[in-house]
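A.B. asks: next one to model:
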Amino acid sequence: MNAMKTINLIDELHAAVEDQVSLLRKWAELPLELLISRPTPQAWSMLEVIEHLNINSGHYTKRLKRIYAKEEALAMDTEFSPGKWGGKLTVSMKPSPDGLIPKPMRTLWLFEPKAAGAKGKESVREFQRMLDDQLSLLEQARTMGWEGPRVTSTLGPILRFKIGDAFRFMIAHQERHFLQAARALVQLEAAQASVLSVR
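C.D. replies: Below is the predicted model:
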């Protein structure tokens, strides 16, 4: 996996999260009825997508917060070389530039958004707070570095990411599901328009 300029990479990740914050702010204004509606019986609702991100991104955000809370000296190389698995998994997760999502991946039962219906818009607010935390963590990475302790993946200690790979994988996973949610919204709005045109 090719090395990348560290500061440029942090800037890129920061910009990606800022875009997600902006989009989520718009979604937060949508009626709850729309957020909980599934575009098809098998597909997740927008709220289920967001709650899935709360669970999955919450895993990485909590561990990154612990690392930066210690305020220990971390190294900051001018270039970042992804780890073998961190690099591969990020590439397999990240949508292509034209917005295509790589092959679907089965969600582990631990990360199924079972609580989405009960939490309602609190799921959205929770994720908004998490994205704010991620922006703050990226700012800390810019000044404190991100070469240090490994971050245990959602698969457990069998796979541990470099700090940079933990950021990259988490944000790529969010990008993937933001596209999923955006497409769900398009389908739902088209269905609503179709119903209204029939009346």
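A.B. asks: how about residue 142, secondary structure?
C.D. replies: Assigned by DSSP: H, G, I helix; E, B strand; the rest coil, the conformation of residue 142 is helix.
A.B. asks: do residue 158 as well
C.D. replies: Here residue 158 is recorded as strand under three-state DSSP.
A.B. asks: show me what contacts it?
C.D. replies: Shown in contact with residue 158 (C-beta atoms under 8 Å, 6 or more residues apart in numbering): no residues. C-beta coordinates here come from the backbone N, C-alpha and C atoms, glycine included.
A.B. asks: that one and residue 28: what is the separation?
C.D. replies: Computed as C-beta to C-beta, to the nearest Å, the residue 158 to residue 28 distance reads 36 Å.
A.B. asks: ok, now residue 174?
C.D. replies: 16 Å.
A.B. asks: ok, these two, which is more surrounded?
C.D. replies: residue 174 (22 against 14; other C-beta atoms under 10 Å).
A.B. asks: that one against residue 23, yeah?
C.D. replies: No - assessed by C-beta atoms under 8 Å, residue 174 is found out of contact with residue 23, at 10.4 Å.
A.B. asks: residue 168 sits in which helix or strand?
C.D. replies: helix 163-198 (DSSP states H and E).
A.B. asks: state the mean pLDDT of that helix.
C.D. replies: Looking at helix 163-198 alone, the average pLDDT works out to 85.
A.B. asks: now do it: distance to the chain's middle.
C.D. replies: Its chain's C-alpha centre and that of helix 163-198 lie 11 Å apart, by C-alpha atoms, centre = their mean, to the nearest Å.
A.B. asks: give me the buried positions along that helix.
C.D. replies: 163-178, 180-181, 184-185, 188 (16 or more other C-beta atoms under 10 Å).
A.B. asks: for the protein, where's the lowest mean pLDDT among helices and strands?
C.D. replies: helix 116-119 (a mean of 71; mean pLDDT, DSSP states H and E).
A.B. asks: can you map out the helices along this protein?
C.D. replies: Assigned by DSSP state H, the chain shows helices spanning 6-27, 32-35, 46-69, 84-93, 116-119, 122-144, 163-198.
A.B. asks: need those helices in CSV (columns: distance to residue 153).
C.D. replies: Compiled in CSV, the helices of the chain are given as follows (distance: least, C-beta to C-beta, whole Å):
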stretch, distance to residue 153
helix 6-27, 18
helix 32-35, 29
helix 46-69, 8
helix 84-93, 8
helix 116-119, 23
helix 122-144, 17
helix 163-198, 8
